[in-house]
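Visitor: the sequence and its predicted three-dimensional model are supplied below.
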There are 2 protein chains.
Amino acid sequence: MDSMVIVERQAQQTSSRILYLVMDGLGDIPRDDGLTPLAAAHKPNLDRLAAEGCTGRFDPVGPGITPGSGPGHLGLFGYDPTEYEIGRGVLSAVGIDFPLRPGDVAARFNFCTLDAQGNIADRRAGRISTEENRWLVVRLRDVPPPPGMEIFVETESEHRGVLVLRGEGLSPRVADTDPQATGVPPLAVRALDDASRRTANAVAVFVNTAMRLLAKEAKANGLLLRGFDSLPTIPSMSQRFKLRPVCIAGYPMYRGLARLVGMDVPAAPPSLSDFAAATKEQRDGHDFFFVHVKYTDRAGEDGDFDRKRSVVEEVDRMLPALLDPGFEVVVVTADHSTPALHRAHSWHPVPALAWSPGRVFRDGVTTFSEAACIAGGLGRMALRYLITEALAASGKLAKFGA
Amino acid sequence: MDSMVIVERQAQQTSSRILYLVMDGLGDIPRDDGLTPLAAAHKPNLDRLAAEGCTGRFDPVGPGITPGSGPGHLGLFGYDPTEYEIGRGVLSAVGIDFPLRPGDVAARFNFCTLDAQGNIADRRAGRISTEENRWLVVRLRDVPPPPGMEIFVETESEHRGVLVLRGEGLSPRVADTDPQATGVPPLAVRALDDASRRTANAVAVFVNTAMRLLAKEAKANGLLLRGFDSLPTIPSMSQRFKLRPVCIAGYPMYRGLARLVGMDVPAAPPSLSDFAAATKEQRDGHDFFFVHVKYTDRAGEDGDFDRKRSVVEEVDRMLPALLDPGFEVVVVTADHSTPALHRAHSWHPVPALAWSPGRVFRDGVTTFSEAACIAGGLGRMALRYLITEALAASGKLAKFGA
């Protein structure tokens, strides 16, 4: 049996506090001089936590698997990402703070450019502005829904949007209409099982009407849908671990992921310099503080080694203020690796440190880097087990068995 | 599929011998100077085994989980502790060498002090002496059992005792009467399912009569019961691994745990200096020698770093004599960690060494300590897999597949 079952059974509420500082996409691979952005960064505060704590490396899903943001965060929150899938549509909906309800079917859509033959010329409609997207969305809201159904059309950003269907008896087993290729027409809306026929029909009617409304647009004269899904049923962190978790994050997607596991999600701090104050404000009534910094991942996606290093340094400078409320346990890690060399998510395990003096095993590692963590006392394991070290060190796991 | 299934399938009996030297609660965390009792100990013999062998760290149950003695030993013996639970009552019964039979229902009891209102004033009856406990138990044995049933009342130590019910159709699904709190009365005896009604009734009658017999006692005027359980059905080590195991242990609980997995359990050696001779005596007819030293755990529980170190040194001095009969494989490890700083069991992985020249991989580790074992060739894994290294190195696992 997976030992997480025992973790859940032995979990107990205590007053001690856990800070989970997540630098998105932090993990990296060395460039020619042997350094990663994390290794190259001047980060005395993070190094001190590593030196006083225990370090290791964690696979967000499993060896070799490159995770999206959904699986990566499920792992961080102590969930087996292979058990709960969060479809693209749901991720986009929660990512724009859309109040998705159980049973709603959500899909991500792209505005696209179709040529005279109806083939896709540009899957992203020339990356139209978010402003233009909003105008188009207002027009698409005129498409009448079928009887007994509601349809929501929402802007995400640039060419991206979210379609949500609400009503009785909907089912998300609907195939993508996005062929992920140009020079071919969009795929027909198609139900993947009998239970999804009605949903697919409603989507097909919507798409046809929408295409007519968009026909005269220069760039955004078509729609591509993908990632139909409904909210997964995920037991909350409070149910599983008796935690009272709160999310401090600037980006909607991470706030949405936090909400999926039952975290409190107060207003987003306007910028990185506000994270410490925003965290301190949530001090009362919470014992698990998920603090999410997006900019490391952005820099990695842009292939910008130096900017990624700078973000780490900025986080390091913010650390004393962030730690000011006092935490029994501090964990610093990532949801996945985004090597600057790759300009994309990767499968490499993420470095992690767990700090809790007198509680975690103080290993010999004295700096926080991917390479240093290889010798760490936590070893290498699946990311979902990292939270167990935090729970144990904060006294939140009772002894198992007599 | 858990690869242990294959281990069981490929197990074969050979004449080679495995010594499993277990220092209870050996694992620790470093104090300020970076040393643990194991690291600080002068232990040339253990260091030699580590230098010639392969080392690593093992989680008794899983990351973050603090095990009791039952789960810790199941892991040592190659069992998944999440699959077999050994209730407090059974552990207490086997811990006093009570010859528990399949179907018996055992519960741990405390003598307690009730105030004039019948509320619990002291859950441990002022920790009465074991001697006084024995006198009270003699009186409780006068309580007549229901027809067709036998009741055994046994002293454990101080305020602790064991109640055993024997008869047809008993079931252990009976709720604790110990509320684990003071200022409230004991809980009523209550069946947790229909099959346990008759058992619960018998317990209720016993408790009522016992309370009357104890009513005039100054301190021990009440009884609290918990951990009702029956012997679990555990396949023996002989069935699973084709081993002929024997237990050399001074403490009843560990002898009882060994018996649960089918070990031979000869008389307890009177003191640590007798362990080598007691082991040698079992040389014929056995191929797995579980040698259990309790005193490391005791020192850890007492928060006595220096005494824990001394016990390690004492074991080290005993080692040449213990190894004298000749073993193809020697494993040295623990059932769980008991950091002196914590004065309690903890979740930290236990250090382990496996020695078998020319058989196990000789890693670069040259001393036996928690920190050194981080770099060990065995890595970090669940404790139940440690036995597979011993089985493999002793030639007891045939090749799997063509």
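Guide: Cool, got the structure.
Visitor: helix, strand or coil for A:Leu231?
Guide: Secondary structure, DSSP: H, G, I helix; E, B strand; the rest coil: A:Leu231 is coil.
Visitor: list the backbone torsions phi and psi for it.
Guide: For A:Leu231, the backbone dihedrals (degrees, to the nearest 10) come out as phi -60, psi 130.
Visitor: can you check A:Asp2 too?
Guide: Given degrees, to the nearest 10, the pair of backbone angles that A:Asp2 has is phi -60, psi 130.
Visitor: and it, what pLDDT?
Guide: What the model reports as pLDDT for A:Asp2 is 94.
Visitor: that one is in contact with A:Asp80, isn't it?
Guide: Yes: counting by CB atoms under 8 Å, A:Asp80 is a contact partner of A:Asp2 at 7.5 Å. Placement of C-beta: from N, CA and C, glycine included.
Visitor: can you name the residues that contact the residue of the stretch 151-300 of chain A found nearest chain B?
Guide: Residue nearest to chain B within the stretch 151-300 of chain A (CB to the nearest CB): A:Phe241, separated by 10.6 Å. By CB atoms under 8 Å, 6 or more residues apart in numbering or on different chains, the contact set of A:Phe241 is A:7-8, A:11, A:78, A:288, A:387, A:391, A:396.
Visitor: now A:Ala393: how far from A:Val360?
Guide: With distances taken as CB to CB, to the nearest Å, A:Ala393 is found 5 Å from A:Val360.
Visitor: wait, A:Gly376
Guide: Distance check for A:Gly376 against A:Val360: by CB to CB, it reads 11 Å.
Visitor: give me the common contacts of those two.
Guide: Contacts common to A:Gly376 and A:Val360, judged by CB under 8 Å, 6+ apart, are A:Cys54.
Visitor: near chain B, which of the contacts of A:Phe241 show up?
Guide: A:7, A:387, A:391 (CB under 8 Å from any CB of the partner chain).
Visitor: next one: phi and psi at the nearest residue to A:Ala352 once chain neighbours are set aside?
Guide: Among residues not flanking A:Ala352 along the chain, A:Thr333 sits closest, at 3.7 Å (CB to CB, 6 or more residues apart in numbering or on different chains). Torsion angles at A:Thr333 (phi, psi; degrees, to the nearest 10) stand at phi -160, psi -160.
Visitor: restricting to C-alpha, output the host helix or strand of A:Tyr254 in CSV.
Guide: Here A:Tyr254 is covered by helix A:252-260, with elements defined by DSSP states H and E. Output of helix A:252-260 as CSV, limited to C-alpha atoms (Å, rounded to 0.1, in the frame of the first residue of the first chain):
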residue,chain,number,x,y,z
PRO,A,252,-4.4,32.9,-11.7
MET,A,253,-3.4,29.4,-12.8
TYR,A,254,-1.6,28.7,-9.6
ARG,A,255,-4.3,30.3,-7.5
GLY,A,256,-6.8,28.0,-9.4
LEU,A,257,-4.7,24.9,-8.7
ALA,A,258,-4.5,25.8,-5.1
ARG,A,259,-8.3,26.2,-5.0
LEU,A,260,-8.7,22.7,-6.5
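Visitor: just how off-centre is that helix within its chain?
Guide: 7 Å (CA atoms, centre = their mean, to the nearest Å).
Visitor: so A:Glu154 is in which element?
Guide: Assigning secondary structure by DSSP H and E places A:Glu154 in strand A:149-157.
Visitor: by proximity to chain B, which residue of the stretch 51-200 of chain A wins?
Guide: Residue of the stretch 51-200 of chain A nearest chain B, by CB to the nearest CB: A:Gly56 (8.8 Å).
Visitor: not counting its neighbours along the chain, what's nearest that residue?
Guide: Counting by CB to CB, 6+ apart, A:Leu378 is the residue found nearest to A:Gly56 once chain neighbours are left out, at 2.6 Å.
Visitor: likewise for A:Pro63?
Guide: A:Trp347 is the one closest to A:Pro63 (CB to CB, 6+ apart), at 7.5 Å.
Visitor: cool, A:Leu187 as well?
Guide: A:Thr177 (4.7 Å).
Visitor: in contact with that neighbour, which residues?
Guide: With CB under 8 Å, 6+ apart, A:Thr177 has these contacts: A:186-189, A:207, A:223-226.
Visitor: now do 6 Å
Guide: Residues near A:Thr177 by CB atoms under 6 Å, 6 or more residues apart in numbering or on different chains: A:186-187, A:189, A:224-225.
Visitor: from those residues, which land in helices?
Guide: Nothing among the contacts of A:Thr177 maps onto helices, per DSSP state H.
Visitor: dump those residues to JSON lines, plus pLDDT.
Guide: Formatted as JSON lines, the contacts of A:Thr177 follow (pLDDT from 0 to 100):
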{"residue": "A:Pro186", "pLDDT": "97"}
{"residue": "A:Leu187", "pLDDT": "97"}
{"residue": "A:Val189", "pLDDT": "97"}
{"residue": "A:Leu224", "pLDDT": "97"}
{"residue": "A:Leu225", "pLDDT": "97"}
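Visitor: and the residues you listed, which of them are buried?
Guide: With burial judged by 16 or more other CB atoms under 10 Å in any protein chain shown, the buried subset of those is A:186, A:189, A:224-225.
Visitor: identify the farthest-apart pair in these.
Guide: Greatest spatial distance in the buried ones among the contacts of A:Thr177: A:Val189 and A:Leu224, 11.2 Å, computed using CB to CB.
Visitor: in TSV, list the buried ones among the contacts of A:Thr177 along with distance to chain B.
Guide: Output for the buried ones among the contacts of A:Thr177, formatted as TSV (distance: CB to the nearest CB, whole Å):
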residue	distance to chain B
A:Pro186	43
A:Val189	41
A:Leu224	42
A:Leu225	39
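Visitor: spatially nearest residue to A:Leu19, not counting backbone neighbours?
Guide: The shortest distance from A:Leu19 to any non-neighbouring residue, by CB to CB, 6+ apart, is to A:Phe327 (4.2 Å).
Visitor: surely the one you found is in contact with A:Tyr20?
Guide: No: counting by CB atoms under 6 Å, A:Phe327 does not reach A:Tyr20; the two are 9.6 Å apart.
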